[in-house]
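Q: Next come a sequence and a model predicted from it.
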Amino acid sequence: MSSRSNHQRLVALEQQMAAAAAAMDFEGAAKLRNEIAHLRGEMPELPKVDEAGELTTTVSQPPPGSMGLGTNVPVRQPPKGWVKPKKPDFMTKRKK
């Protein structure tokens with residue numbers, strides 16, 4: 001999508017959000033607000049939970065422009081409780 005069509009989409013969504021708020025449809029306006037924030041890259045995608053309460057995905061798309069132009073590289077989240085391992089000390093070497 002070009003930046004012009006993104007801008008037109010955002011303007012249309014903002015108008016729909018204002019109309020929904022004027023009609024006292026605050027739930028609809030909140031959904032539109034969240035969609036606008038997601039398109040702008042201000043709000044990360046929330047993880048999805050299945051019926052058993054388990055997370056279904058751990059991969060999400062980065063905000064637009066964060067990985068460079070034209071990339072669709074997914075961003076992986078580490079599992080809950082994961083700790084980054086210590087880096088090895090290159091000053092000490094094993095002697096044979």
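A: Looks like it came in fine. Numbers count the residues shown, from 1 in each chain.
Q: where along this protein do the strands fall?
A: Assigned by DSSP state E, the chain shows strands spanning 59-60, 75-76.
Q: For those strands, which has the smallest mean pLDDT value?
A: For the strands of the chain, mean pLDDT drops lowest on strand 59-60, to a mean of 58.
Q: Tell me which residues touch I36, please.
A: Applying Cβ atoms under 8 Å, 6 or more residues apart in numbering, we find I36 in contact with L10, L13, E14, M17. (Glycine included, C-beta is placed from N, CA and C.)
Q: Tell me which two in those are the farthest apart.
A: Using Cβ to Cβ, these span at most 10.3 Å, a distance reached by L10 and M17.
Q: Show me which of these two is the more surrounded one.
A: For L10 versus M17, neighbours defined as other Cβ atoms under 10 Å are more numerous around M17 (20 against 14).
Q: That one reaches R33, doesn't it?
A: Yes - between M17 and R33 there is a contact at 5.8 Å, judged by Cβ atoms under 8 Å.
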